[in-house]
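A.B. asks: Sequence first, predicted model second:
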Amino acid sequence: MRRTPARRLLVGVLTLVLGLAGVLLAPTASAAGETATFTKVQDWGTGWEGRYTIRNGGTVTITSWRVEFDLPAGTSIGTHWDAVRGGSGNHYIFSNAGWNGTVAPGASVSFGFNASGPGAPANCTVNGQACGGGGTQPPGVPGNPSVTGVTASSISLAWGASSGTVSGYRVYEGNTAVATSSTTSATVTGLAPSSTHTYTVAAFNSAGESPRSAGVTGTTSGGTGAPGTPGNLRVTGATDTSISLAWNASSGTVSGYRVYEGTTVRATVTGTSATIGGLASCSTHGYTVAAFNGTGESGRAGPVSGTTTGCPIGPLPRHFLTGYWHNFTNPAVELRLRDVPAEYDVVAVAFAEATATPGAVTFAVDPGLSTALGGYTNADFMADVQTLHARGKKVILSVGGEAGRVSVGDGAAATNFANSMRSLIAQFGFDGVDIDLENGLNPTFMGQALRSLRNQVGANLIITMAPQTIDMQSTGGSYFQLALNIRDILTVVHTQYYNSGSMLGCDQAQAYTQGTVNFMTALACIQLENGLRPDQVALGLPAGPGAAGGGIVAPSLVNDALNCLARGANCGSFRPPRTYPGIRGAMTWSINWDVSNGNNFARTVRPFLNTLP
């Protein structure tokens, strides 16, 4: 959220699946003093987030920096931040922004980006020097490998030579090196008949190893062999006591399929579907599936998680509308809290502020707002909270926003956050807390803080989250981790589906454009298919012109997206893998902008929520 009409626009296409990995390539000191260290922050299979840290190891302040590197064919950068991007083709140049070019001795700055494809940077320089401080650089990525021959026990490969100095090549199956060669070919031996294997190749020298090539798959000859891995394991339905699954058939000879929860077989079937019964209501389970025959068992497909129905939905309607109320002035209309339109079920007061005590927050009516309203005091505000309570509404305090600097990074800060929020709840009558941190979030300690707060306040505490779209693209992200870590006490996540650019949804089929039904449904599907219950997912959209820099939609399209998710009706070209009748509702930034635009959002969306299952 933001105090001005638009928040920072993230531009680009993010390619994502699930996962988290970190690879740190440590530099040595350079003659010029500066080094640039690359970290792969997270990796979701077909894409990844990278970060370069520029450190001044010299004795003279650096006043500008420029990092250059190459990416292999098939790998490209989409979104970036904290740097100015240049270059052409697969050669990338990142220079300092206007505010982070000066680096004192011993200090460091960083910039980041999201990339699609399997590769990693190579041939890196910083200010014209090798990023690691000079000397030999690791080789470039080898050319794509091909299978040149098979026997019943071996697969032969060949690939294109790498650029740079090459001592040899390693052939990998997964993360295991299965062959080493000084030429551009190798034969992997000792394999089972009719077994399928996928290989990548990396070049190496004294400075390190190159990024790995694209994969190639080969199958040995002879024998029956174990079946191939099943495809597209998915949840197809749930009741209070069961979860239904389906998958695509395996290749090869198949006798049947085993459904696993962890290492325990939960079902054995001959078809490509199964229903796991006898489960507790509102319980979440993770499954994999493997095919088998007389020779052996395939690799496992999945995992995929599902949640049984019957979850309690707390002190709120089955479907509800949330809006943010400005405790500040901007071009939108100023409102006393009691003047919030009746269509809003939950009012999120924006925002709590950080104090000098790490993690602690405070709140008071903004002096500028008080003046604009002709005198509006804390006492007036508290009386208005009680007025909304009398109308059956809930009022929660939002922490963060685009300008927020609240940080909960250790156990002491978590305690300070919980205790200070508890005091504000007691003082002002708030019903809960909204987490809207846009400048860093530690899922471990924020989760600790929220659990402590709930223990103090009780089970009716409302806990909501308002992550940016980018924050909920992968379960490896900090916001998604927090949501999953506290899902037993979490009320709802209303992701901000705006100011996002174009992104892939849960189908990985194409980049969906913000401001469309496809964008809202395909991206909500990521959360719905990866651990959050439908009653914990809501759609966050801007209230109209002025409220955001991109992604503004007609309120009727929000209704279409909700209808698609709940009933499978009014969908765009993207259709979710199943329906989610419990989808919780919608959120808008903001009530003030909605009133400025004739209250069209609330008057269109809130009545429609009453029609949902």
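C.D. replies: Perfect, I can see it now. Residues are numbered from 1 along each chain as shown.
A.B. asks: Let's verify the nearest residue to residue 190 once chain neighbours are set aside: helix, strand, or coil?
C.D. replies: Spatially, and ignoring its direct neighbours in sequence, residue 190 is nearest to residue 153 (6.4 Å; C-beta to C-beta, 6 or more residues apart in numbering). Heads up, the C-betas are built off the backbone N, CA and C, glycines and all. Following DSSP: H, G, I helix; E, B strand; the rest coil, the label given to residue 153 is coil.
A.B. asks: mind listing what residue 153 touches?
C.D. replies: Residues near residue 153 by C-beta atoms under 8 Å, 6 or more residues apart in numbering: 189, 190, 191, 192, 193, 220.
A.B. asks: Which of the residues you listed fall within helices?
C.D. replies: Among the contacts of residue 153, no member falls in helices (DSSP state H).
A.B. asks: Give me the buried entries from the residues you listed.
C.D. replies: 191, 192, 220 (16 or more other C-beta atoms under 10 Å).
A.B. asks: Name the helix or strand for residue 380, please.
C.D. replies: Assigned by DSSP states H and E, residue 380 falls within helix 378-390.
A.B. asks: Same check on residue 399?
C.D. replies: Going by DSSP H and E, residue 399 is in strand 394-401.
A.B. asks: And residue 347, by the same measure?
C.D. replies: Short version: residue 347 belongs to strand 346-354, going by DSSP H and E.
A.B. asks: So which residues make contact with the helix holding residue 380?
C.D. replies: Contact with helix 378-390 is made by 336-338, 340, 347, 364-365, 394-395, 427-430, as judged by C-beta under 8 Å, 6+ apart.
A.B. asks: buried subset of those?
C.D. replies: The neighbour-count test (16+ other C-beta under 10 Å) applied to the contacts of helix 378-390 identifies 336, 337, 340, 347, 365, 394, 395, 428, 429, 430 as buried.
A.B. asks: show me what contacts the spatially closest residue to the last one that is not a sequence neighbour?
C.D. replies: By the measure of C-beta to C-beta, 6+ apart, the closest residue to residue 430 outside its immediate chain neighbours is residue 397, 4.7 Å from it. The contact partners of residue 397, by C-beta under 8 Å, 6+ apart, come to 348-349, 351-352, 363, 421, 424-425, 428, 430, 432-434.
A.B. asks: Distance to residue 125 and pLDDT added to those residues, as JSON lines?
C.D. replies: Shown next, in JSON lines, are the contacts of residue 397 (distance: C-beta to C-beta, whole Å; pLDDT from 0 to 100):
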{"residue": "348", "distance to residue 125": "47", "pLDDT": "97"}
{"residue": "349", "distance to residue 125": "49", "pLDDT": "97"}
{"residue": "351", "distance to residue 125": "42", "pLDDT": "94"}
{"residue": "352", "distance to residue 125": "44", "pLDDT": "94"}
{"residue": "363", "distance to residue 125": "49", "pLDDT": "96"}
{"residue": "421", "distance to residue 125": "48", "pLDDT": "97"}
{"residue": "424", "distance to residue 125": "51", "pLDDT": "97"}
{"residue": "425", "distance to residue 125": "53", "pLDDT": "97"}
{"residue": "428", "distance to residue 125": "55", "pLDDT": "97"}
{"residue": "430", "distance to residue 125": "53", "pLDDT": "97"}
{"residue": "432", "distance to residue 125": "51", "pLDDT": "97"}
{"residue": "433", "distance to residue 125": "46", "pLDDT": "97"}
{"residue": "434", "distance to residue 125": "44", "pLDDT": "97"}
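A.B. asks: Counting by contacts, list what the strand holding residue 347 packs against.
C.D. replies: Secondary-structure packing of strand 346-354 (3 or more C-beta pairs under 8 Å, 6 or more residues apart in numbering; DSSP states H and E): strand 320-326, strand 361-362, strand 394-401, strand 432-437, strand 462-465.
A.B. asks: List the buried residues in the helix holding residue 380.
C.D. replies: The neighbour-count check on helix 378-390 (16+ other C-beta under 10 Å) flags 381, 384, 385, 387, 388 as buried.
A.B. asks: for stretch 309-328, same thing?
C.D. replies: Within stretch 309-328, the residues that qualify as buried are 309, 311, 313-314, 316, 319-328, counting by 16+ other C-beta under 10 Å.
A.B. asks: and it, how far from the chain's centre?
C.D. replies: Counting by C-alpha atoms, centre = their mean, to the nearest Å, stretch 309-328 is centred 22 Å from the centre of its parent chain.
A.B. asks: Okay, strands next: where are they in the stretch 51-200 of the chain?
C.D. replies: 66-70, 76-81, 84-88, 91-95, 108-116, 122-126, 129-130, 146-150, 155-158, 168-173, 176-181, 185-188, 196-205 (DSSP state E, counting those that start in this stretch).
A.B. asks: Mind naming the longest helix for the chain?
C.D. replies: Looking across the chain with DSSP H, the single longest helix is helix 411-428.
A.B. asks: Dump that helix to CSV, restricted to CA.
C.D. replies: Extracted in CSV, the C-alpha atoms of helix 411-428 (Å, rounded to 0.1, in the frame of the first residue of the first chain):
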residue,chain,number,x,y,z
GLY,A,411,13.2,-12.7,19.1
ALA,A,412,13.4,-9.5,21.1
ALA,A,413,11.8,-7.5,18.2
ALA,A,414,9.1,-10.2,17.9
THR,A,415,8.3,-9.7,21.6
ASN,A,416,8.3,-6.0,21.2
PHE,A,417,5.9,-6.2,18.3
ALA,A,418,3.4,-8.5,20.0
ASN,A,419,3.4,-6.4,23.3
SER,A,420,3.1,-3.1,21.5
MET,A,421,0.3,-4.3,19.3
ARG,A,422,-1.5,-5.8,22.3
SER,A,423,-1.4,-2.4,24.0
LEU,A,424,-2.8,-0.6,20.9
ILE,A,425,-5.6,-3.2,20.6
ALA,A,426,-6.5,-2.6,24.2
GLN,A,427,-6.3,1.2,23.8
PHE,A,428,-8.1,1.7,20.5
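A.B. asks: Who are the packing partners of whichever strand or helix holds residue 290?
C.D. replies: In the assignment (DSSP H and E), residue 290 maps to strand 284-292. In terms of contacts (3+ C-beta pairs under 8 Å, 6+ apart), strand 284-292 is packed against strand 231-238, strand 243-248, strand 256-261, strand 273-276, strand 301-307.
A.B. asks: what do you get if the cut-off is 6 Å, keeping everything else the same?
C.D. replies: Applying 3 or more C-beta pairs under 6 Å, 6 or more residues apart in numbering; DSSP states H and E, one finds that strand 284-292 makes contact with strand 256-261, strand 301-307.
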